[in-house]
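Student: need the 3D shape of this:
(2 chains)
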2 protein chains.
Amino acid sequence: MAHRLAAWTKDTKRSALQDMLELTSGPEYISFGLGLPNAECFPTEQLAVSAHEALLRQSDPLQYAPPTEQLKRQIQLLMRQRGVECGISQIFLTAGAQQGINLLARLLLDPGRAVLAEEVTYTGFLQVLEPFQPRVLTVPTDPVSGIDVDQVEQVLQSEERPACMYVIPSGHNPLSYTLSKEKRQKLAQLAAVYEVPIIEDDPYGFLAYEDSEIPAIKSFQSDWVFYVGSFSKILAPGLRLGWIIANDAIIEKLSIVKEATDINTATLTQQIAANFLQKDEFTEHLHHLRQEYRLRRNVMIDHLARQLGEVGAWTVPSSGLFMWVRFPESINTMELFKESIATEKVTFFPGSVFAVKPSQMASSSVRLNFSFNNPDKIEDGIARLSRLVKRHL
Amino acid sequence: MAHRLAAWTKDTKRSALQDMLELTSGPEYISFGLGLPNAECFPTEQLAVSAHEALLRQSDPLQYAPPTEQLKRQIQLLMRQRGVECGISQIFLTAGAQQGINLLARLLLDPGRAVLAEEVTYTGFLQVLEPFQPRVLTVPTDPVSGIDVDQVEQVLQSEERPACMYVIPSGHNPLSYTLSKEKRQKLAQLAAVYEVPIIEDDPYGFLAYEDSEIPAIKSFQSDWVFYVGSFSKILAPGLRLGWIIANDAIIEKLSIVKEATDINTATLTQQIAANFLQKDEFTEHLHHLRQEYRLRRNVMIDHLARQLGEVGAWTVPSSGLFMWVRFPESINTMELFKESIATEKVTFFPGSVFAVKPSQMASSSVRLNFSFNNPDKIEDGIARLSRLVKRHL
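Tutor: Numbering: from 1, shown residues only, chains lettered A, B, ... in the order given. Alright, predicted model coming up:
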């Protein structure tokens, strides 16, 4: 008995790493692996109040319904913090940012077309691409200055026109950089000139730890940038809520793809989020969240500096949930990870996981999440990592 | 400024009918159009209690998490009512049945492959197919005996092997029939012999109004039937929860497609549903729901018989939310619908909407939903429909 499945599924399998991360979820492990928010920072009690309001005081939170206007209005206000002015009709609700990226890809990609991405990028985007088996036109990137915009232009000039460019401008996953305003403006300009839309994946854009937030790429170019937002990192991933900002023609097509995908996003979770967002407490919550994550980031940096200051290199992330730490080339972090499972019991993502094609820079780096653990665990975890690395020098 | 989108999107647009249905949602209209459950039948207060439990007493309802085991156990029990014994590992949670169908299609279909479907079928399945532009091998069907199983065999013998067969065995949408046990057994056998999987779409399987529930096709053939279930019709669509039952190899592939689609289904709504399902109240709720819908079905039949008994033909649905009423061939129900917008203000789906290719039977029929309205509205709506039809005789 063998089912004949779509051709692209033949080579897909659950990554061994994913399995290992599940195996290592016990309390004896310290995980810097997954990109989880800190559960203690969820506004649980306020959301319980919001759920109560939605279920017992509002009409039809349980029925099929069009997207909640009230939530769109809150997103409209939020987007001003990212420098984006948009109408309600340009806001499209999704079941999280991953769905936003997926819907856009299905709208933009024909099988076999090309897409432009960084050499090292978010694996969830690569998973979205799999059914289309596209040519991925890669451009260099690095943890300090981010995507190489001159190379982007070169590729756009010389190669077949890609269906889209994928960019994570703030708190990049996994490289941790935040792109300069100048590079954002240049990317926006390239998108318009070469008529290649940018998918701007911005789940960390509201988690800036320094005073100056850099506006979204979308703020510099409206038509050719499709902005993807998420409530997973600023509210809670268990609600599965996100959004896309695009022009009306794209929104209309998205609504068709979305209906065929899952009819609509859960009305109940939309209303719960909308109820909370329209209270003043949300501003406080976001402020608190930034404080807590900034603290954790600083604790991680302190201990990295003390323990691995002469061995590793990193930049200070001004946004997001991750640090990218590079070790000497002699260290292969996939080997490090496997050894850690049995010895130090600290987990992380080896950089090679994010490399579109083999990359020396990625193979000797790790992505460390700093949001999930509390400071004492972070200290313990970095001590373990340090012992592990030093055995390999 | 024109975006270059995937080729298949060129001809997709929101249906004019969909727009009309939105325009006619005001209180002056009576809608038999959409397949909405009755909002008064939602167990709203119990779900509010379940939400409170989930948020304030259970761990991490707001975090990223694997599918909730507790909910799978409840589904395992439910499936026994459909004659299906399955392990926990064969249960896959989705954001509603539409997502279940969509994920399966993406797993099974290569662009251009064939699928087997009835001449008149659920439009949501056809929407799922659009990106793949498959050849749809149609088989005859009718509102009394349902899909023509002999023709299914003929197609399987003579045509290219389809990627799947799509079947709605209980309370068919839109034709309202419930397939006999013999036909189910035969379909199960054909799937195994010709190695063509069945997508068994069963959102109405728990809404049987007669004593004898006919087991799911899945109960007769495990490997070659992918069962799609839904909580939208028996709990609430605003939760967006459904499931697939398939073998472990398929589940593993589904989990990869699902992760790329939206990471996972909302943990919060999973826990809310699980909390309610494990209480005795759920059994009472389902019993109550069947009573209420049986009553509404009977009211609709009574008034149809009185008002249109000599003009229309229908069968008594033993399951589901719909009646299929056929009028004389001289009546085009799309025209009827357009006229109704301005005159009688009763809305319904013209049968032609569900026809894969032009069909006389479908063009002179309507699909009427009987779950959404209360009995007095049903009476009023059928009176309006009767006046409308009689003007066209």
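Student: drop to CA atoms for contacts and neighbour counts, all remaining ones
Tutor: OK.
Student: for residue A:160, which non-adjacent residue is spatially closest?
Tutor: In this structure, residue A:160 finds its nearest non-sequential neighbour in residue A:114, 7.3 Å apart by CA to CA, 6 or more residues apart in numbering or on different chains.
Student: surely the one you found and residue A:165 touch.
Tutor: No. Contact criterion CA atoms under 8 Å: residue A:114 and residue A:165 do not qualify, at 9.6 Å.
Student: domain-wise, how is chain A divided?
Tutor: As assigned by automatic domain parsing, chain A contains the domains A:9-41+A:283-390, A:45-279.
Student: can you say which of these is nearest to residue B:263?
Tutor: Closest to residue B:263 of these, according to CA to CA: domain A:45-279, at 6.6 Å.
Student: what is the burial count for the closest residue to chain B within the stretch 151-300 of chain A?
Tutor: Going by CA to the nearest CA, chain B is nearest to residue A:238 of the stretch 151-300 of chain A, at 3.9 Å. When neighbours are defined as other CA atoms under 10 Å in any protein chain shown, residue A:238 has 23 of them.
Student: can I take it that it is in a helix?
Tutor: Yes. Assessed with DSSP: H, G, I helix; E, B strand; the rest coil, residue A:238 lies in a helix.
Student: which ones are touching the residue lying closest to it once chain neighbours are set aside?
Tutor: Computed as CA to CA, 6+ apart, the closest residue to residue A:238 that is not its neighbour in sequence is residue B:62, at 3.9 Å. Residue B:62 sits next to A:39, A:42, A:44, A:236-239, B:55, B:267-268 when contact means CA atoms under 8 Å, 6 or more residues apart in numbering or on different chains.
Student: hmm, back to that, looks like the residue of the stretch 151-300 of chain A closest to chain B contacts residue B:267 (just checking).
Tutor: Yes. Here residue A:238 reaches residue B:267: they are 4.8 Å apart, a contact under CA under 8 Å.
Student: can you check which residues contact both of the two?
Tutor: In contact with both residue A:238 and residue B:267: B:61-65, using CA under 8 Å, 6+ apart.
Student: what pLDDT does residue A:20 get?
Tutor: On the pLDDT scale, residue A:20 is placed at 69.
Student: and of the shared contacts of residue A:238 and residue B:267, the nearest to residue A:176?
Tutor: Taking CA to CA as the measure, residue A:176 lies nearest residue B:64 of those, at 21.0 Å.
Student: what is the burial count for the closest one?
Tutor: 24.
Student: wait, is it part of a strand?
Tutor: No. Using three-state DSSP, the secondary structure at residue B:64 is coil, not a strand.
Student: contacts only, for it.
Tutor: By CA under 8 Å, 6+ apart, the contact set of residue B:64 is A:36, A:237-238, B:264, B:267.
Student: quick one: which of these has the most company?
Tutor: For those, neighbours tallied by other CA under 10 Å; top is residue A:237, 29 neighbours.
Student: ok, that residue touching residue B:63?
Tutor: Yes. If you go by CA under 8 Å, residue A:237 and residue B:63 touch, sitting 5.5 Å apart.
Student: output the below-cut-off pLDDT ranges for chain A.
Tutor: For chain A, applying pLDDT under 70 flags the ranges A:1, A:16-17, A:20.
Student: ok, now with 90
Tutor: A:1-4, A:8-26, A:57-60, A:65-66, A:111-112, A:159-160, A:210-213, A:280, A:393 (pLDDT under 90).
Student: skipping adjacent residues, who's closest to residue A:282 in space?
Tutor: Of all residues not flanking residue A:282 in the chain, residue A:276 sits nearest, at 6.6 Å (CA to CA, 6+ apart).
Student: got the contact list for the helix or strand harbouring that neighbour?
Tutor: Taking DSSP states H and E as the definition, residue A:276 sits inside helix A:267-277. For helix A:267-277, the surrounding residues in contact (CA under 8 Å, 6+ apart) are A:46-47, A:50-51, A:53-55, A:61-65, A:67-68, A:70-71, A:74, A:239-241, A:282, B:238-239, B:269.
Student: how does it look with 6 Å?
Tutor: Outside helix A:267-277, the residues within contact range by CA atoms under 6 Å, 6 or more residues apart in numbering or on different chains are A:50-51, A:61, A:71, A:239, B:238.
Student: restricted to buried residues, select those residues in PyMOL.
Tutor: Remark: buried members of the contacts of helix A:267-277, expressed as a PyMOL selection using 16 or more other CA atoms under 10 Å in any protein chain shown:
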select buried, (chain A and resi 50+51+61+71+239) or (chain B and resi 238)
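Student: okay, the contacts of residue B:64 in JSON lines with distance to residue A:393 next?
Tutor: Formatted as JSON lines, those follow (distance: CA to CA, whole Å):
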{"residue": "A:36", "distance to residue A:393": "30"}
{"residue": "A:237", "distance to residue A:393": "39"}
{"residue": "A:238", "distance to residue A:393": "41"}
{"residue": "B:264", "distance to residue A:393": "40"}
{"residue": "B:267", "distance to residue A:393": "43"}
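Student: neighbours of residue A:121, how many?
Tutor: Residue A:121 has 23 neighbouring residues, counting by other CA under 10 Å.
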